[in-house]
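need a structure here:
(one chain, ligands or ions: 2)
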Amino acid sequence: MNEMSPIDSLKGIGEKTRAVFERAGISDIGDLLHDYPRGYESYEPIMPLGEIYDKNAGAFYGEIVSPLNLRRVRRLTVVTGVIRDGTGTIQVTWFNMPYLKSSLVSGSRYVFRGKIVRKRQQMFLEQPAVFRMEEYEKLRGRLQPVYPLSEGLTTKMLQKAIRQALDEAELEKEYLPEEIRHKYNLAEYNYAIEEIHFPKDDHSMRLARHRLVFDEFLLFILAVRNLKEGREKIRPSFLLEKKEEIPKIIESLPFTLTGAQQKVWKELEADLTSSEVTARLIQGDVGSGKTILAELALFLAAENGCQGAIMVPTEVLARQHYESITSLVESLGLPYRTELLTGSMTGKQKRLACERIENQEVDIIVGTHALIQEKVHYKKLAVVITDEQHRFGVRQREALSQKGSMPHTIVMSATPIPRTLAVILYGDLDISIVNELPANRLPIKNCVVDTSYREKAYTFIKRQVEEGRQAYVICPMVEESEAMEAENVIEYSARLRERLPAFIQVEYLHGKMKPKEKNEIMERFLKNEIQVLVSTTVVEVGVNVPNATVMMIENAERFGLAQLHQLRGRVGRGGFQSYCILMYGNDGKKTKERLGILNRSNDGFYIAEEDLKLRGPGDLFGIRQSGILDFKLGDIFQDAAILKEASDTAAFIMEKSDKFLSKDSPLFKKMMKSTHLEDGMLNL
Ligand code: ADP
Ligand code: MG
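Ligands and ions are numbered 1, 2, ... in the order given. Next up is the predicted model:
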């Protein structure tokens, strides 16, 4: 057994459990070991239930009063029951853990540890972890890892599997040269993996984390540098020429390009028509108009008799781009043929789409990851664009490359990162910045308020809807699981429906819905058949509904600033005055200070800089900027110091690449593996 072995090589993992792990993105031992905790907690002493009522969270030793109930609510299973100790009684709920009904015995006592929530004047213990007393006592006093969990997966299951893998699997050898480890005081690799999951104490956890974050950054930077070095040797798949059609298209657009759009288009056009393969990152604030730049690049490919593809992270976004392109093409009377390819299409639809792509019956292809996964054989793929991709698409480039050549790649990101960090991460990779918003925009009006404002906010939403507008309400995230998050959104929208007049259609959107259901909801929202959309952060990326003017965010303190800025970017996209209501559930000084930044400014780059200043290296597991560069452990803001070290190290390694990065060195192999680059690709 080694890191490549499938997850079910472990004892006790059969078909069913394997599926549970796979749903969480863990299919082999390597995935398991690199599924790092999101943070740590220490277990508190057991308290009487009566005391926990006031604290809202804690552990107590209680008895299950009567057999547990199991019921289904839409696609969730809910186990409920009543627990008591000598000091009190409480109702308990677990989502999507049906097996608890039979494994927890009525009349027996267990340690329950969890949070208390108040709903409809009643108190509930929600999703508590359950232990036998001896078990709990053993865990006390140690740092306990907290893992990001998904349906059916528990911390216990993960820990058991990880322990077994660490004990029995043949682990990866240290790949960093001694010299470098010494210089930056880096823990040994296998020590770090062990300690990140089972830390002896705070100190060794920090050492472990430092090492692993360093690795993530270093490998990423090395891969980008290495790619760039090799780039001059790679020729573009197809040489493109400038075409007169393009300025004509720009002329006939319904709007004039902003100065920033014009500047970036010049850069892009020069890139795409050169004899070197393009790798350009386009950064631009939300709403700065990046889509049209992508469309122009695709049109240029089509004008040259080639194909261009644009890949986006969600089905909803794919559809939206597809519609935007087809309607633009139609209204301008252009001859380009467009195809959509997404995972939720039927097998037949996909096959037909692939055929048309292969026979070059289409010029522009819009899709999700299906563009790679469906084994499409592109005939003349000259340009590939990934939108809302926060990470430089090293893997995508590989997947779409053809032998000896490569399409031009453009990556578009709406998450501004401070220039200083961008340069460290991407080196002098070509970065274009769209730093200007179209002139017709009214700045969004913001307010930062506490929950006592909620009723007023609803009234405000009602009035906006009466004026013909629409609104988003973002529900608080539920950290424990996606299932609870879904439940939360469903309940919230039911309450809101009751609160608002009947003519207002309220619907919800969450991550556990099928892509088809999500598409349907988004389409109805776009057509204004739905006026208020209650959602988790799934609407975060790229969605464009210009008639929506209110963004209300519950528990705003739980989100990173960049993420809030993204969410806010869903409104203010049309000619109407838009509003963002940031509602916080706790009013610490820091919360106000952070949210105040958003209140002051609508400029994503400014916000990113301020965020960077505000957050010190102290809070190791603070609010993660989900959405910014999907490192597993590292956060480019919080770990900016480690990022700098990794960057220096990368420079040092590249300089002495003969010594450190020869083809058979462990470091080189690791770099290839972690970026899924084929060995050969760099020698083309
Ligand atoms: P993002 O950069 O967030 O991807 P989009 O490309 O979706 O932004 O553009 C947001 C909206 O602005 C779209 O409705 C688009 O048609 C419009 N738009 C883009 N460029 C301009 C412009 N120069 N003038 C006016 N409106 C524009
Ligand atoms: Mg966009």
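
find the nearest non-adjacent residue to the residue of the stretch 551-684 of the chain found nearest ligand 1, please.
Ranked by CB to the nearest ligand atom, the top residue of the stretch 551-684 of the chain for proximity to ligand 1 is Arg573, at 5.1 Å. Using the backbone N, CA and C atoms, a C-beta is placed for each residue, glycine as well. Spatial nearest neighbour of Arg573, excluding adjacent residues (CB to CB, 6 or more residues apart in numbering): Pro546 at 4.5 Å.

show the pLDDT at that neighbour.
Listed pLDDT for Pro546 reads 90.

in contact with it, which residues?
Counting by CB atoms under 8 Å, 6 or more residues apart in numbering, Pro546 touches Arg573, Gly574, Gly575, Phe576.

which parts of the stretch 151-300 of the chain are strands?
For the stretch 151-300 of the chain, the strands defined by DSSP state E, counting those that start in this stretch occupy 235-236, 279-284.

to Ala187, which of those strands lies closest?
When the strands of the stretch 151-300 of the chain are compared by CB to CB, strand 279-284 sits nearest Ala187, at 32.4 Å.

quick one: that closest one to chain centroid distance?
Mean-position distance between strand 279-284 and its chain equals 19 Å (CA atoms, centre = their mean, to the nearest Å).

now it: average pLDDT?
Strand 279-284 shows a mean pLDDT of 84.

the residue of the stretch 551-684 of the chain closest to ligand 1 is in contact with Val543, isn't it?
No: between Arg573 and Val543 there is no contact under CB atoms under 8 Å: 9.4 Å.

in the stretch 101-250 of the chain, which spans are helices?
According to DSSP state H, counting those that start in this stretch, the stretch 101-250 of the chain carries its helices in the segments 133-139, 155-168, 178-183, 189-197, 202-231, 245-252.

got those helices as TSV, with distance to Gln262, mean pLDDT and mean neighbour count columns?
Formatted as TSV, the helices of the stretch 101-250 of the chain follow (distance: least, CB to CB, whole Å; pLDDT from 0 to 100; neighbours: other CB atoms under 10 Å):
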stretch	distance to Gln262	mean pLDDT	mean neighbour count
helix 133-139	61	88	13
helix 155-168	51	92	17
helix 178-183	45	92	13
helix 189-197	48	95	20
helix 202-231	26	84	20
helix 245-252	8	96	14
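
picking that back up, identify the residues contacting the residue of the stretch 551-684 of the chain closest to ligand 1.
Gly287, Asn544, Val545, Pro546, Ala548.

again, but for Val506
The contact partners of Val506, taken as CB under 8 Å, 6+ apart, are Ser493, Leu496, Arg497, Leu500, Ile530, Gln531, Val532, Leu533, Val534.

ok, the fourth one - how many residues close by?
Right, the one you point to is Leu500. Each residue near Leu500 was counted by other CB atoms under 10 Å, and the total is 19.

please apply the same query to the first one.
Residue neighbour count, defined by other CB under 10 Å, stands at 21 for Ser493.

same check on the fifth one?
Using other CB under 10 Å, Ile530 has 21 other residues around it.

confidence score at the residue in the chain sticking out farthest from the centre?
Most distant from the centre of the chain: Gly86, at 44.7 Å, with distances by CA atoms, centre = their mean. The model reports Gly86 with a pLDDT of 90.

so what's it up against?
By CB under 8 Å, 6+ apart, the residues touching Gly86 are Pro48.

let me know the pLDDT of Ala57.
83.

oh, that last question was meant for Glu41, not what I typed.
Per-residue pLDDT puts Glu41 at 81.

how close does the residue of the stretch 551-684 of the chain closest to ligand 1 get to Val286?
Separation of Arg573 from Val286 (CB to CB, to the nearest Å) stands at 9 Å.

repeat that for Pro335.
Look at Pro335 and Val286: by CB to CB, they are 32 Å apart.

what about those two, which has more around it?
Shown here are Pro335 and Val286; by other CB under 10 Å, Val286 has more neighbours (24 against 9).

the more buried one against Ala414, yeah?
Yes: in this structure, Val286 is within contact of Ala414 by CB under 8 Å, at 4.9 Å.

quick check: neighbours shared by the two?
Listed as contacting both Val286 and Ala414 by CB under 8 Å, 6+ apart are Gln566, Gly569, Gly604.

per-residue pLDDT, the last one?
On pLDDT, Gly604 comes in at 83.

ok, it - contacts?
Applying CB under 8 Å, 6+ apart, we find Gly604 in contact with Asp285, Val286, Ala414, Thr415, Pro416, Ala562, His565, Gly569.

and the fourth one, that's in a strand?
Put plainly, it is Thr415. No: secondary structure of Thr415 (DSSP: H, G, I helix; E, B strand; the rest coil): coil, not part of a strand.

surely it and Leu564 touch.
No: assessed by CB under 8 Å, Thr415 is found out of contact with Leu564, at 11.7 Å.

more neighbours, those two?
More neighbours surround Leu564 than the other of Thr415 and Leu564, with 26 against 22 (other CB under 10 Å).

pLDDT on the helix or strand harbouring Arg463, on average?
Using DSSP states H and E, Arg463 sits in helix 454-466. Confidence over helix 454-466 (mean pLDDT, whole number) is 96.

which residues are contacting it?
Applying CB under 8 Å, 6+ apart, the set of residues contacting helix 454-466 is 449, 470-471, 473, 496, 499-501, 504, 531-532, 549-550, 552, 579, 581, 583.

what about 6 Å?
Applying CB atoms under 6 Å, 6 or more residues apart in numbering, the contact partners of helix 454-466 are Ala471, Arg499, Leu500, Ile504, Gln531, Thr549, Val550, Met552, Ile581.

now do the buried residues in that helix.
For helix 454-466, burial by neighbour count (16 or more other CB atoms under 10 Å) applies to Ala457, Tyr458, Phe460, Ile461, Lys462, Gln464, Val465.

partners of whichever helix or strand comes after it in the sheet?
Toward the C-terminus, helix 454-466 is succeeded by strand 470-474 as the next helix or strand (DSSP H and E). Strand pairing for strand 470-474, using DSSP bridges, gives strand 532-535 (parallel), strand 548-553 (parallel).

helices along the stretch 451-600 of the chain, start to end?
454-466, 482-499, 515-526, 561-568, 589-600.

deepest-packed of those, please.
Ranked by mean neighbour count, those are led by helix 561-568 with a mean of 25 (mean count of other CB atoms under 10 Å).

which regions of the protein sit below the pLDDT cut-off?
By pLDDT under 70, the weakly predicted segments of the chain are 227-234, 388-405, 428-429, 477-487, 539-542, 587, 615-630, 674-684.

who in it is up against ligand 1?
For the chain, the residues in contact with ligand 1 (CB under 6 Å from any ligand atom) are 255-258, 261, 284, 286-292, 414, 438, 440, 544, 546, 573.

try 5 Å
Phe255, Thr258, Val286, Gly287, Ser288, Gly289, Lys290, Thr291, Pro438, Asn544 (CB under 5 Å from any ligand atom).

list the contacts of Glu170.
Asn2.

name the SS class of Gly634, please.
For Gly634, the assignment made with three-state DSSP gives coil.

please state the backbone phi and psi of it?
Dihedral pair for Gly634: phi -70, psi 150, per degrees, to the nearest 10.

give the contact list for Asp8.
Contacts of Asp8 were listed using CB under 6 Å, 6+ apart, and they are Arg18.

apply 7 Å and report the result again.
The contact partners of Asp8, by CB atoms under 7 Å, 6 or more residues apart in numbering, come to Gly14, Arg18.

and what of Phe21?
By CB under 7 Å, 6+ apart, the neighbours of Phe21 are Ile7, Leu153.

buried sites along the helix or strand encompassing it?
For Phe21, the element it lies in under DSSP H and E is helix 15-23. The neighbour-count check on helix 15-23 (16+ other CB under 10 Å) flags Thr17, Arg18, Val20, Phe21 as buried.

okay if I get the residues you listed as JSON lines plus distance to Ala297?
Formatted as JSON lines, those follow (distance: CB to CB, whole Å):
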{"residue": "Thr17", "distance to Ala297": "46"}
{"residue": "Arg18", "distance to Ala297": "42"}
{"residue": "Val20", "distance to Ala297": "42"}
{"residue": "Phe21", "distance to Ala297": "40"}
